[in-house]
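# What follows is a protein structure lacking sequence information:
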C-alpha cells in the first residue's frame, strides 16, 4: 500500500533493537484518513472470506480495526490487556509475551462477544514474532469460532511470526512488509 | 443523538454503583457505523471552533476520536496510560484518579504531538467526575496549547464533571446525557 509505505519512509524512525517507531500516524498520533484507506484495503482483501466480526487488541489495533469494520459493516471487538492473569468464567483469555518489553501480558474478551458461528478477521498494527496474533487466534479457537483472515498493517518479514502463521494455513495480508531495519534504514520486502 | 440513546436503551446494562455498561457497542465491542455518526456529530458541533487536533485517552476513547478526526480531516492523538508515574523529559503527563476502580493512573503524551499553536478538541467516551478530561486539559495547557472544545459520548449529569467543566468556561457537547441510573434504569436528562 503506497500511502502507508510513504508514511513509513517519511515519518518512521528506526531505533536500536529492530524497533520501527511510527508514533506520528499509527501508535500514538493517528492519521484517520490513512486509517480509512487501510480499512478499505483490508475490506477489499477479505471481502469473500465470509467474515462476521473484526477482532483486535487494545490500544494501537483499534484505529485500523474500526476502519475495517466500518468498510465491511461489521462489529469490532478489541481484546483488553491485563498484567495479571484473568481467571473469570465469563471471559476467554490468552497469554502474550512481548519480546520488545520482556513482559507477559494477558489479553481477554468477554464471552458474549465471540460465538461459535463467528468467522473472525484479526487486525493488528504490527506482526513481528506474532505473539499478539497467536493470542487472538487462541481466544478465537477457544470460543469455537474460526479465523477467516489476518490483516496486518506492518509486517517485519525478518521475524518469524508471518512465516509461522502462513505455514499453519492462516491467510495473512500485510499492507507493508519490511525485510530489514539494519543500519537504521527501512528496507521493504518488495 | 437518537441512535446513541437507542443503543444505550436497548443494549446498555446498569450495574450497582451507578455504572452503565455499554460493552456491546462502545467499550469492548464497537459499532463502527454508530461511531461514524458520533464522529460526524462532533465535527458538526465544533466546526467553527478552530480545532487543529483531536485528543483522547486509550482505549475506549480511540474509536469515537478517530471518527471525529476523520470527519474533521484532523490528526488524533491518544494519551497512553501508565500505572507508574511517567517522569521523562519528552512527555507531558497528568494524574487521573478513577472513582470506579479506586486507582490512580498516569496519562502522558509525547511532546512533539502537542504544540503551542494547537487548539484541541478533547473526545472521551464517558464524563462522570471528569477526572480523565481534567487530565487531558492539564496536559494540553501544560503544552501551552488551548482547549477549543470537549466532546463526550455519554455524560452522567448527576455526577460533578460536566458542571465543573462548564463553570470553568469549557464548551462541552455531550451526545447522551443521563440524569439517573437509580433502580437500574437509565433516565435521560432531556
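Thanks, I have the structure now. Since the structure is predicted, the reported quantities are computational estimates derived from the model, not experimental observations.
# which non-adjacent residue is nearest residue A:13?
Counting by Cβ to Cβ, 6 or more residues apart in numbering or on different chains, residue A:21 is the residue found nearest to residue A:13 once chain neighbours are left out, at 4.4 Å. From N, CA and C alone the C-beta is placed, and that goes for glycine too.
# give the contact list for that neighbour.
A:12-15, A:27 (Cβ atoms under 8 Å, 6 or more residues apart in numbering or on different chains).
# next one: residue A:157
Counting by Cβ under 8 Å, 6+ apart, residue A:157 makes contact with A:177-179, A:189.
# and what of residue A:148?
A:46, A:49-51, A:119-121, A:171.
# from the contacts of residue A:21, which is closest to chain B?
Nearest to chain B among the contacts of residue A:21 is residue A:27, at 9.2 Å by Cβ to the nearest Cβ.
# now the contacts of residue A:157 in CSV, with neighbour count and secondary structure?
Output for these, formatted as CSV (neighbours: other Cβ atoms under 10 Å in any protein chain shown; DSSP: H, G, I helix; E, B strand; the rest coil):
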residue, neighbour count, secondary structure
A:177, 17, strand
A:178, 24, strand
A:179, 14, strand
A:189, 14, coil
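# Which residue would you name as the spatial centre of chain A?
For chain A, residue A:124 is the residue whose C-alpha lies nearest the centre (Cα atoms, centre = their mean; 1.2 Å).
# ok, which residues in chain A are in contact with chain B?
Where chain A comes near chain B, counting by Cβ under 8 Å from any Cβ of the partner chain, the residues are A:23-24, A:28-33, A:35-36, A:58-59, A:62-63, A:66-67, A:69-70, A:73-78, A:80, A:109-110, A:112-113.
# still on that earlier bit, sec struct for the residue nearest to the centre of chain A, please.
In three-state terms, and counting by DSSP: H, G, I helix; E, B strand; the rest coil, residue A:124 is strand.
# So it sits against residue A:58, correct?
No: counting by Cβ atoms under 8 Å, residue A:124 stays clear of residue A:58, with 11.0 Å between them.
# Flag every buried residue along stretch A:165-181.
A:165, A:170, A:172-178, A:181 (16 or more other Cβ atoms under 10 Å in any protein chain shown).
# If you could redo that for stretch A:143-156, that was the one I meant.
A:143, A:145, A:147-156.
# which one of those is nearest residue B:87?
Distances from residue B:87 to the buried residues of stretch A:143-156, taken as Cβ to Cβ, are shortest for residue A:154 (30.0 Å).
# For chain A, just list every one of the strands.
A:13-15, A:19-21, A:29-30, A:53-57, A:76-82, A:91-98, A:103-110, A:119-127, A:146-156, A:172-180, A:187-188 (DSSP state E).
# Make TSV from those strands and add mean pLDDT to it.
Shown next, in TSV, are these (pLDDT from 0 to 100):
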stretch	mean pLDDT
strand A:13-15	95
strand A:19-21	94
strand A:29-30	98
strand A:53-57	98
strand A:76-82	95
strand A:91-98	94
strand A:103-110	94
strand A:119-127	98
strand A:146-156	98
strand A:172-180	98
strand A:187-188	98
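# got CSV for those strands, with distance to residue B:95 too?
Formatted as CSV, these follow (distance: least, Cβ to Cβ, whole Å):
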stretch, distance to residue B:95
strand A:13-15, 28
strand A:19-21, 26
strand A:29-30, 22
strand A:53-57, 26
strand A:76-82, 21
strand A:91-98, 26
strand A:103-110, 23
strand A:119-127, 28
strand A:146-156, 32
strand A:172-180, 37
strand A:187-188, 42
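# Looking at the ones you listed, which is nearest to residue B:136?
Each of the strands of chain A has some distance to residue B:136 by Cβ to Cβ; the shortest is strand A:29-30, at 14.5 Å.
# Distance from the chain centre to that closest one, please.
16 Å (Cα atoms, centre = their mean, to the nearest Å).
# do stretch A:154-171 as well
With Cα atoms, centre = their mean, you get 12 Å for stretch A:154-171.
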